[in-house]
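Asks: Need a 3D model of the sequence below.
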Amino acid sequence: LGTADIFGGNLGIGTSSPGARLAVAGGGLIGYAGTQAAPSNGLAVFGNVGIGTTSPDFKLDVAGGGRFSCAADFANANNVTSCSDVAEVYDTDEQLEKGDVVRITNEHRVGKTTEAYDTVIGVYSTSPGILVGGGTTRIGDDQELNLPQGKVPVALAGRVPTKVSLENGSIAVGDWLTASSIPGVAMKATKAGNVIGKALESYDNPDSKVVGKVMVFVQTGYFSGVRVADILASLNPEGSNQLEAEDPSLVTEPDPVSVLLSYLVLQKKQAGQNPSLSELLTDRVTAGIEIVTPKLTAQEVATETISSLPTKNITIEITKTNRLIVKEKEASQAAVVVDSIGNATFAGEIKAKKVTADTIVGFEVLTNNLLSLTDKVQGLTVTASQSAAPSTTATVSELSAGSAHIGLDMNVIGLLSAAGGLVVDQNAHFKGESLFDRLVTFISDVIFKGRVIFENSPRFNKDTAGLAIIKKGANAVYVPFQNAYEQNPFVSISVTLPKNGDEGTQTALEQTILTGDIKYIVTSLTPSGFVIKLNKEAPSDIPFSWTALAVKDATTNTSPDGAVSQPAQTTQPAAPTTTQSVTLEPVQEELPTPTSVPVESPTPTPTVEPSPSVSPTPTPTVEPSPSVSPTPTP
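Replies: You can find the predicted model right below:
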């Protein structure tokens, strides 16, 4: 063909059926005159390529617009097209997945976020539209990136699928997202802190532990927190369910300020368990309406009025006349008024441990000089000896004073009367007999080293003695002490029948108990109580009288080894204390109280207390002995 010849059809190189004006089957080289082979079914251009320009200055120089298509889609409800974010290649030492929220771990390396409001850098890109780094730049590549091991694409801007959780509540369109406590997973941001970007989709799942994905517009930065109106909108008039679940006392009033403060108190408690805190450092904070916070710490507070919460009823006000006023909110009269020169007025009572004053108006105070002391106190004489240890004595025939302070010893020869009461700070020693006309109360312990004589019936507390009833058909009753003893007390029990108005009923009850072959013991004794137990079910209601005594440094007497039929004794044996086993046997005569039966002769007679053994024949000494179990317990 000549230089001006025109070829009107399709031209094929390596093909006999070209489908275009120029069809090349195989590889081609442009701008290269050597013997290098062309790429297989491709085109290699050596030099600059100009599109829309005849003088390209770069390997590819386009004069005009261009378009790169990306066919891959992100499979979600909205079927949003991918290749819509700008990503950069970073090194990592972790196994990351698409959608992970990442942070900078060390120099030039990234990893998953590890805590709430962690410092984020971006999101592991699913299909970046532009990927730079790693020695290459890719545009609109919808194929697998196939990056080397240890390198990941991190989306720094644009839209990218991101892992999310409901850790901080459900996610709505437009919510700011931040790192959660789940590694690599985002959550809704509610307070100031680092954020990833805004959610382009809502997310809510009945199972709050499930991790999902939503499309996020990546826009890293620092978030100042949600609006107060948004917080209040999420709370019901009684306070949020979350507040009530954590601590019902946090929400007590439906007013917005109290609800908001309760919400912040809960956030403060949760922040105390989480090392990540939302912080703001600035030189000045100006608020046009109010500042609501659980705690305010400041070097100086300049204010006109300090008012309590709506649930409280007190205000502290600094007036224009430089007076500090404390009063109830709705009260017309101030409780406390303090002016700028120190004058103070109190509407109520003043109580103080110590008062120091130069002058008290309305009450004479003698401070430095005592003038004409003999005119004040008649008959007062003071003498002092000249010995090495001088002493001063004063004899006063009559003394009347509103207040007196005695620095030395004071000896009253006559009667000392204290009409207003007597308070002794240190030890008091009464050498003669003392008589108390009224009730005497000892708050602490009392030690009597001599004998104690009661001329009237003494009374003891409920833990010293009482009545216990084993009901018919039962075999035990538990007796608790209201105040536990320091150690096991000594307990004695006996069957006690109060007098019944019906003599027939009285006699029948006595015979029922006396002929019932009933044995009983005290068991399960502790400082807190004991159990009275029978050997069988009670044939009728059986009342027991019991006493419990605490003994200091009590001794324990133990029998010698081996069986002893009757121990020798010169004194009356001590009655058993903590355990006893007694059989109530029938008698021939009516007893006043069937508590025990002493033996002085073959015919038993009543006695005061049971004893652990019975002699078959009368003994010279009176021994309590209703009948015992085969082995008596001391």
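Asks: got a pLDDT number for Ser524?
Replies: With respect to pLDDT, Ser524 scores 94.
Asks: Just give me how far the helix or strand where it lies sits from the chain centre.
Replies: Secondary structure from DSSP states H and E places Ser524 in strand 520-526. Distance of strand 520-526 from the chain centroid (Cα atoms, centre = their mean, to the nearest Å) equals 41 Å.
Asks: Just checking: what are the partner strands of it?
Replies: strand 529-534 (antiparallel) (DSSP bridges).
Asks: Next, the buried residues of the partner strand.
Replies: Neighbour counts over strand 529-534 (16 or more other Cβ atoms under 10 Å) mark 529-530, 532-534 as buried. For the C-beta atoms, the positions are set from N, CA and C on the backbone; glycine is no exception.
Asks: what does stretch 27-34 give?
Replies: 28-29.
Asks: going forward can the numbers begin at 24, since that is how I track them
Replies: With the count now opening at 24, the last piece we talked about shows up as stretch 50-57.
Asks: State the mean pLDDT of that stretch.
Replies: Stretch 50-57 shows an average pLDDT of 80 in the prediction.
Asks: cool, and stretch 174-184?
Replies: Averaged over stretch 174-184, pLDDT sits at 92.
Asks: List of residues touching that stretch?
Replies: Contacts of stretch 174-184 with the rest of the structure, by Cβ atoms under 8 Å, 6 or more residues apart in numbering, involve 97, 99, 103, 107-115, 119, 121-122, 125, 133, 144-149, 151-152, 154, 157, 168, 170, 223, 236-243.
Asks: Need the CA coordinates for it. CSV is fine.
Replies: Extracted as CSV, the C-alpha positions of stretch 174-184 are listed here (Å, rounded to 0.1, in the frame of the first residue of the first chain):
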residue,chain,number,x,y,z
LYS,A,174,0.7,-7.1,54.0
VAL,A,175,-2.9,-6.0,54.1
PRO,A,176,-5.0,-3.2,52.4
VAL,A,177,-6.3,-0.7,54.9
ALA,A,178,-9.2,1.6,53.8
LEU,A,179,-8.4,5.2,54.8
ALA,A,180,-11.4,6.8,53.2
GLY,A,181,-14.6,5.9,51.3
ARG,A,182,-17.1,3.2,51.8
VAL,A,183,-16.0,-0.2,53.1
PRO,A,184,-17.8,-3.2,54.8
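Asks: Please pick the buried ones from the contacts of stretch 174-184.
Replies: Here, 16+ other Cβ under 10 Å leaves 97, 107-115, 119, 121-122, 125, 133, 144-149, 151-152, 154, 157, 168, 223, 236-241, 243 buried among the contacts of stretch 174-184.
Asks: pLDDT weak spots in the stretch 124-273 of the chain?
Replies: 164-167, 257-273 (pLDDT under 70).
Asks: what does the chain give?
Replies: Under the criterion pLDDT under 70, the flagged ranges of the chain are 24-27, 90-105, 164-167, 257-277, 290, 293-301, 332-334, 385-427, 430-431, 585-657.
Asks: Kindly list the longest helix within it.
Replies: Longest helix in the chain by number of residues (criterion: DSSP state H): helix 279-295.
Asks: From the chain's centroid, how far away is that one?
Replies: Averaging C-alpha positions (Cα atoms, centre = their mean) puts helix 279-295 16 Å from its chain's average.
Asks: Could you list the paired strands of the helix or strand just after that helix along with their orientation?
Replies: Elements were assigned by DSSP H and E; along the chain past helix 279-295, the next helix or strand is strand 328-330. Each strand paired with strand 328-330, and its direction, by DSSP bridges: strand 338-341 (antiparallel).
Asks: Any idea how many residues pack against Arg126?
Replies: Residues contacting Arg126 under the criterion other Cβ atoms under 10 Å number 18.
Asks: Apologies, that question was intended for Trp199.
Replies: Other residues lying near Trp199 total 22 when counted by other Cβ under 10 Å.
Asks: Show me where the stretch 474-623 of the chain has its strands.
Replies: In the stretch 474-623 of the chain, the segments counted as strands under DSSP state E, counting those that start in this stretch are 488-493, 499-503, 513-518, 543-549, 552-557, 565-572, 621-622.
Asks: circling back: now the two most distant members of the buried residues of strand 552-557.
Replies: The most widely separated members of the buried residues of strand 552-557 are Gly552 and Leu557, with 17.5 Å between them, by Cβ to Cβ.
Asks: picking that back up, could you single out the nearest of the buried residues of strand 552-557 to Lys82?
Replies: Relative to Lys82, the closest of those is Gly552; by Cβ to Cβ it sits at 98.8 Å.
Asks: thinking again about what came up before, just send the buried residues of strand 552-557 back as a markdown table, with distance to Gly527 too.
Replies: Compiled in a markdown table, the buried residues of strand 552-557 are given as follows (distance: Cβ to Cβ, whole Å):
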| residue | distance to Gly527 |
| --- | --- |
| Gly552 | 36 |
| Phe553 | 34 |
| Ile555 | 28 |
| Lys556 | 30 |
| Leu557 | 25 |
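Asks: where do the helices sit along the stretch 424-573 of the chain?
Replies: Listed from the start of the chain, the stretch 424-573 of the chain has helices (DSSP state H, counting those that start in this stretch) covering 526-537.
Asks: for the stretch 124-273 of the chain, same thing?
Replies: Listed in chain order (using DSSP H, counting those that start in this stretch), the helices of the stretch 124-273 of the chain are 251-256, 264-269.
Asks: ok, back up a step: mind saving the C-alpha coords of the longest helix of the chain as PDB?
Replies: Output for helix 279-295, consisting of C-alpha atoms alone and laid out as PDB, is shown next (Å, rounded to 0.1, in the frame of the first residue of the first chain):
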ATOM      1  CA  PRO A 279     -34.400  15.400  82.400                       C
ATOM      2  CA  VAL A 280     -31.500  16.700  84.500                       C
ATOM      3  CA  SER A 281     -31.800  13.900  87.000                       C
ATOM      4  CA  VAL A 282     -32.200  11.300  84.300                       C
ATOM      5  CA  LEU A 283     -29.200  12.600  82.500                       C
ATOM      6  CA  LEU A 284     -27.100  12.700  85.700                       C
ATOM      7  CA  SER A 285     -28.100   9.200  86.500                       C
ATOM      8  CA  TYR A 286     -27.000   8.100  83.000                       C
ATOM      9  CA  LEU A 287     -23.600   9.800  83.500                       C
ATOM     10  CA  VAL A 288     -23.200   8.200  86.900                       C
ATOM     11  CA  LEU A 289     -23.700   4.800  85.300                       C
ATOM     12  CA  GLN A 290     -21.200   5.700  82.600                       C
ATOM     13  CA  LYS A 291     -18.700   6.700  85.300                       C
ATOM     14  CA  LYS A 292     -19.100   3.400  87.000                       C
ATOM     15  CA  GLN A 293     -18.500   1.500  83.700                       C
ATOM     16  CA  ALA A 294     -15.600   3.700  82.900                       C
ATOM     17  CA  GLY A 295     -14.000   2.800  86.200                       C
END
